[in-house]
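Novice: Turn this into a structure:
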Amino acid sequence: MKRACVIGAGFGGLALAIRLQSAGVETTLIEARDKPGGRAYFWERDGFTFDAGPTVITDPDCLRELWALSGHNMADDVELMPVMPFYRLNWPDGTNFDYSNDEAELRREIARMAPEDLAGYDDFLRYSAGVFQEGYVKLGAVPFLDFKSMIKAAPALAKHQAWRSVYSIVSSYIKDEKLRQALSFHSLLVGGNPMTASAIYALIHKLEKDGGVWWAKGGTNRLVSAMVKHFERLGGAVRMGDPVCQVHTMGDQATEVETQSGWKERFDAVASNADIVHTYRNLFSQTGRGIAEGKRLAGKRFSPSLFIVHFGLEGSWPGIPHHMILFGPRYKELLTDIYDHGVLPQDFSIYLHHPTVTDPSMAPPGKSTFYALVPVAHMGKLPVDWDEIGPALERRILDEVGRRLIPDIHDRIVTSFHYAPKDFAQDLSAYNGSAFSLEPLLTQSAWFRAHNRDDKIGNFYLVGAGTHPGAGIPGVVGSAKATAGLMLEDME
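Specialist: Here you go, the predicted structure:
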């Protein structure tokens with residue numbers, strides 16, 4: 001029996017490990033932290049459950065497929081609950097816009113806010129369906145290993161004007177500025193600036209429309225636990241709390257994986273779900289390939305980081321939906337400050353997550369779990385002392401949530417803590433504390449991204465946000481499908 005090692009138990013690593021084990025490859029999954037999930041970590045404090053994220057589950061079929069490979073049913077291990085509306089978008093002037101895949105309701109929302117854009121919305125929907133078919137259905141799980149594969153995909157990308165930005169494409173159909181923001185913010189969910197991310201990412205609208213937005217009962221952490229349970233049911237082995245310190249090579253082959261505890265094991269194939277710069281720079285530090293590729297990747301553009309305030313409140317809030325976007329007074333200018341200038345602006349846009357409105361089990365009776373997330377520049381652009389400025393920024397964010405939604409928020413706080421860029425760097429070995437790995441630009445997509453199989457080390461592979469197709473649950477699960485296909489073919 002062939003043996004494989006997957007480094008990192010994030011969604012991408014878990015999905016890859018399940019695919020390999022389902023195909024009869026004896027697979028060991030190694031995780032550095034005390035709990036699986038990677039960015040989908042969680043904490044339990046004072047009776048509250050706080051998911052680190054990601055908290056937006058789309059395309060549940062890509063997850064169900066992981067169970068179906070071996071004739072199992074995901075619903076036996078975890079319950080997915082529909083979220084409606086998907087998001088409530090709120091602007092400083094008090095305007096609200098409920099965004100969902102209830103077509104009649106969505107059209108009423110558009111007619112209420114920007115009736116002149118109804119026809120343009122229909123045109124945008126057709127565009128989104130086209131890029132979804134080309135960019136996600138056809139190419140989302142297909143590895144780009146050479147430039148020929150990029151040339152082959154070029155006509156379809158050109159047809160859909162992939163060189164344009166998401167915001168530019170939306171603006172070609174929509175005139176109202178608020179509706180432009182409502183239809184372009186989605187690329188932020190995978191680390192992309194709507195002003196520069198390829199228009200291909202407009203496919204997210206169609207992805208959500210077809211598959212819905214879901215929540216795992218008990219938290220995203222329960223979906224992670226279900227994946228681990230299923231992997232172990234299939235016979236897979238998991239090593240927790242033991243970071244990989246070196247992948248040993250001989251010639252152009254990875255031969256052995258060594259962990260911090262001194263554990264060593266030989267494998268026929270090795271894949272990494274860890275941060276791509278960390279993978280090459282640290283895990284392959286004894287090889288010329290690791291040094292060269294680590295340096296090359298470090299020179300690319302990385303997505304921003306995040307500053308997240310987790311808080312539990314006294315009381316329940318049925319009027320605050322599961323997901324809200326609290327837009328700030330600026331849109332394009334704020335994004336420029338974060339992505340290009342690397343400053344910490346005085347204003348911000350907030351993604352507010354309120355799971356207890358869907359799933360009261362996330363908090364003690366009569367209480368509510370929240371987090372408020374704001375994008376911030378990564379540490380390479382914003383080298384500040386987060387221990388010093390974190391508490392003040394946490395207070396400012398809570399003040400804004402209080403001003404717009406919960407006036408007595410500070411009196412109601414039972415527990416709170418924040419997660420800053422330095423935590424992404426320390427806990428996840430994320431390069432410069434980036435929350436989404438490489439920025440999703442056209443020039444850093446498909447073949448231009450880190451490849452699913454290494455170009456030099458023939459039995460070493462990548463999975464996760466840094467490789468094709470990119471970040472987000474559907475993205476990293478798609479990368480696992482692409483990478484598993486390569487590994488199984490190579491091990492035949």
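Novice: SS state for the closest residue to Leu352 other than its chain neighbours?
Specialist: Using CB to CB, 6 or more residues apart in numbering and skipping residues adjacent in sequence, the residue nearest Leu352 is Met324, 4.2 Å away. C-beta: built from backbone N, CA, C; applies to glycine. In three-state terms, and counting by DSSP: H, G, I helix; E, B strand; the rest coil, Met324 is strand.
Novice: thinking Met324 is in contact with Phe370, fair?
Specialist: No - applying CB atoms under 8 Å as the test, Met324 and Phe370 come out as separate, 9.9 Å apart.
Novice: higher neighbour count, these two?
Specialist: Higher neighbour count among Met324 and Phe370: Phe370, with 29 against 23, using other CB atoms under 10 Å.
Novice: Contact partners for Gln286?
Specialist: By CB atoms under 8 Å, 6 or more residues apart in numbering, the contact list for Gln286 reads 246, 248-249.
Novice: Output the residues you listed as JSON lines; include the columns pLDDT and distance to Arg453.
Specialist: Below are the contacts of Gln286 laid out as JSON lines (pLDDT from 0 to 100; distance: CB to CB, whole Å):
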{"residue": "Gln246", "pLDDT": "98", "distance to Arg453": "20"}
{"residue": "His248", "pLDDT": "98", "distance to Arg453": "19"}
{"residue": "Thr249", "pLDDT": "97", "distance to Arg453": "15"}
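Novice: ranking those residues by neighbours, who comes first?
Specialist: Compared across the contacts of Gln286, Thr249 has the highest neighbour count, 21 neighbours, by other CB under 10 Å.
Novice: what's the distance between the closest residue to that residue other than its chain neighbours and Ala274?
Specialist: Once its chain neighbours are removed from consideration, Thr249 has its nearest residue in Thr287; the separation is 5.5 Å (CB to CB, 6+ apart). For Thr287, the distance to Ala274 (CB to CB, to the nearest Å) stands at 16 Å.
Novice: neighbour count winner among these two?
Specialist: Counting neighbours by other CB under 10 Å for Thr287 and for Ala274 shows that Ala274 has the greater number, 29 against 19.
Novice: I'd say that one and Ile7 touch.
Specialist: Yes - judged on CB under 8 Å, Ala274 makes contact with Ile7 at a distance of 5.4 Å.
Novice: Now list whatever residues contact both of the two.
Specialist: Residues touching both Ala274 and Ile7 (CB under 8 Å, 6+ apart): 244, 283.
Novice: Quick one: end-to-end length of stretch 303-323, please.
Specialist: Using CA to CA, to the nearest Å, one end of stretch 303-323 lies 22 Å from the other.
Novice: what do you get for stretch 8-28?
Specialist: End to end - CA to CA - stretch 8-28 spans 10 Å.
Novice: Stretch 338-355 now?
Specialist: Stretch 338-355 stretches 27 Å from its first residue to its last (CA to CA).
Novice: avg pLDDT for it?
Specialist: Averaging pLDDT along stretch 338-355 gives 96.
Novice: Can you work out which residues contact both of Met324 and Phe370?
Specialist: Shared contacts of Met324 and Phe370 (CB under 8 Å, 6+ apart): 352, 354.
Novice: Let me know the closest of the contacts of Gln286 to Asn193.
Specialist: Gln246 (35.7 Å; CB to CB).
Novice: what's near enough to touch the closest one?
Specialist: Neighbour list for Gln246: 257-258, 283-286 [criterion: CB under 8 Å, 6+ apart].
Novice: let's go with 10 Å and repeat that
Specialist: Listed by CB atoms under 10 Å, 6 or more residues apart in numbering, the contact partners of Gln246 are 256-260, 264, 282-287, 290.
Novice: Can you check the pLDDT for Lys332?
Specialist: pLDDT, Lys332: 97.
Novice: In this structure it contacts Ile338, no?
Specialist: No - counting by CB atoms under 10 Å, Lys332 sits too far from Ile338 to count as a contact (11.0 Å).
Novice: and these two? which has more neighbours close in?
Specialist: Neighbour tally, Lys332 and Ile338, criterion other CB under 10 Å: the higher count belongs to Ile338, 24 against 14.
Novice: shouldn't Phe48 be in contact with Ala363?
Specialist: Yes - applying CB under 10 Å, one finds Phe48 in contact with Ala363, separated by 5.1 Å.
Novice: which residues are in contact with both of the two?
Specialist: Joint contacts of Phe48 and Ala363 (CB under 10 Å, 6+ apart) are 312-313, 356, 369-370, 414.
Novice: so what's Ala237 bridging to?
Specialist: Here Ala237 sits in beta bridges with Thr28, going by DSSP bridges.
Novice: Could you chop this protein up by domain?
Specialist: 3-40+56-81+215-300+440-491, 121-211, 305-428 (automatic domain parsing).
Novice: Can you say which of the ones you listed is nearest to Asn96?
Specialist: Within these, the stretch nearest Asn96 is domain 305-428; the backing value is 9.1 Å (CB to CB).
Novice: Can you give me the end-to-end span of that closest one?
Specialist: End-to-end distance of domain 305-428 (CA to CA): 12 Å.
Novice: quick one, strands of the stretch 101-250 of the chain?
Specialist: 213-216, 237-239, 244-250 (DSSP state E, counting those that start in this stretch).
Novice: can you put these in JSON lines and add distance to Trp386?
Specialist: As requested, the strands of the stretch 101-250 of the chain are exported to JSON lines (distance: least, CB to CB, whole Å):
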{"stretch": "strand 213-216", "distance to Trp386": "29"}
{"stretch": "strand 237-239", "distance to Trp386": "30"}
{"stretch": "strand 244-250", "distance to Trp386": "26"}
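Novice: lowest-confidence helix or strand of the chain?
Specialist: Lowest by mean pLDDT, DSSP states H and E among the helices and strands of the chain is helix 147-159, with a mean of 85.
Novice: and Trp317, how many residues sit next to it?
Specialist: 15.
Novice: Pull up the per-residue confidence for it.
Specialist: At Trp317, the model reports a pLDDT of 95.
Novice: which ones are touching it?
Specialist: 354, 356-357, 368, 370, 405-406, 412.
Novice: That concludes my questions; thank you for your assistance.
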